[in-house]
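K.L.:
Predicted structure and sequence below. I'll ask about it afterward.
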Amino acid sequence: GWVNRPGYFLAPEFLRARWPNWKKSTCCDPESWRRVERVFYDLSLVLQIPGIPLSTVSDRTQDCGDKMPWVHAAKSEHRRLKSGEEFDIKIASLFRFFLVNYFHFRPRLFNREAIVSNFLLGKKVAVIGMGVSGRSVLKMASKLGAETYASDLAPPQQLLLDKSIASHIKPEHCFQQNDPKWQDILGTMDWIVLSPGIPTDIFFLQKARARSVPIVNEIELACRLVKGPIIAVTWTNGKTTTVSMIGEMAGRFLKHVFVGGNIGLPLAEAVLERTDYDLIVLELSSFQLESMQQFHHNVAAILNLSANHGERYSRIEDYAAAKFLITKNMSPKQDFLIYNKDYAPYITGVLQSKLSASALSMSCLEDYKLELKANYDLSKFKPPGEHNLFNLFVAVQCLAALQLNNKKVIQEVINNFPGVPNLIEYVENQSGHV
């Protein structure tokens, strides 16, 4: 009741900067407000709310007195956190209730699973390659309390001109990839995150590999911080269209759906918005699959295969092996694979892994079309070409594997899906000409 008294007092500047949704709050006097500020600050550290590094914590609640039971809770939970114990979910729930109901604050990373699994807090994380995914993972790691390092082919002075990089890293932690010191620094990291285009056997990772530093990519790291079933898709041609159709279908009857990976928004960016999803749909390249370690998904699709990325794979067998890494952590009893039965090594791999699987082939397209027509009206399906009917069939099969086969919604997508922008996309029909 001590905050629900007459008089308004504006939140301090540092609180407004970190919590933009903070509103005017009721408080009896400035001194009481300063106590509120201290309690909130320490509790937010305990509960790992993004934007406030744990390294800045100090015992600032000692002079708040017994008027605030929060003080003892904050101290207790801070001690438990530092000793490696799990935090008290009751305290977290009470803190959330207080913030939401009195100050209309909507905390982001605020569920038990996400907080407990914030393994980046206080760790050294090096991000190699400052493309879209690299900048996103740098931001995510920084927000989650990691000490960030970054490198790129461009010199540090040029990188630091980009605010999306400079705001999440100390200038002295930014390096050019050919800097002789960079290889030694990488050997001291807790995590190294590679951008997709950088091979895992590149020379400057030698010391890091010798010291068993985990070398992963953005998807691998971000997936450890989110909850929800995952559909992963990889093959040479058609994966973007298929992933987009799955996302369109699922997004019409599920509330929280993420679609991305090798297309669209990086998953690391989405982690900062929420950590629990009804469905995550990922397009994965062979480059991304090479640096996966514990990444696990519930449904995977790996279909057509043709020679590609000759700069990385001298033989198609090497390219195919990288693609088949999508099955690496799948469970034979719980997960489901859709694969191309026209490629013999895939058949062998599936038999050896004993995965629950469905074997498809473009040579059986007429059968798949009959199955689609038995359940849906295809007369309004806009993307041209037989291959897009195959992509549609795969999209429906992926959702069916998770019991997400909502026929009404799928029919709506069949009627309205125009195709993927910048590929072959339906625009309009003029005088009978598409």
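P.N.:
Right, received. Where do you want to start?

K.L.:
For the closest residue to Pro383 other than its chain neighbours, give me the backbone phi and psi.
P.N.:
The spatially closest residue to Pro383, leaving aside those adjacent along the chain, is Gly419, at 4.3 Å (C-beta to C-beta, 6 or more residues apart in numbering). Using the backbone N, CA and C atoms, a C-beta is placed for each residue, glycine as well. When read as degrees, to the nearest 10, the backbone of Gly419 gives phi 110, psi -180.

K.L.:
Tell me how many other residues crowd Gly419.
P.N.:
Neighbourhood size, Gly419 [other C-beta atoms under 10 Å]: 18.

K.L.:
I'd say it and Thr241 touch.
P.N.:
Yes - assessed by C-beta atoms under 8 Å, Gly419 is found in contact with Thr241 at 7.0 Å.

K.L.:
any common contacting residues for these two?
P.N.:
Pro383, Asn388 (C-beta atoms under 8 Å, 6 or more residues apart in numbering).

K.L.:
And the residue nearest to Pro383, how close does it get to Leu392?
P.N.:
11 Å (C-beta to C-beta, to the nearest Å).

K.L.:
ok, now Trp182?
P.N.:
Applying C-beta to C-beta to Trp182 and Leu392 gives a distance of 47 Å.

K.L.:
Repeat that for Cys223.
P.N.:
Taking C-beta to C-beta, one finds Cys223 at 27 Å from Leu392.

K.L.:
which residue ranges form the strands in the stretch 251-400 of the chain?
P.N.:
In the stretch 251-400 of the chain, the strands defined using DSSP state E, counting those that start in this stretch lie at 257-261, 279-283, 299-302, 336-340, 356-360.

K.L.:
Average pLDDT for the second one, rounded please.
P.N.:
The reference is to strand 279-283. Strand 279-283 carries an average pLDDT of 94.

K.L.:
again with the first one
P.N.:
For strand 257-261, the per-residue pLDDT values average out at 91.

K.L.:
and it, what other elements does it pack with?
P.N.:
Counting by 3 or more C-beta pairs under 8 Å, 6 or more residues apart in numbering; DSSP states H and E, the packing neighbours recorded for strand 257-261 are helix 239-251, helix 267-271, strand 279-283.

K.L.:
what do you get for the last one?
P.N.:
Contacts of strand 356-360 with other secondary structure elements, assessed using 3+ C-beta pairs under 8 Å, 6+ apart, are made with strand 336-340, helix 344-353, helix 386-401.

K.L.:
what comes up buried for the longest one?
P.N.:
Neighbour counts over helix 386-401 (16 or more other C-beta atoms under 10 Å) mark 388-399, 401 as buried.
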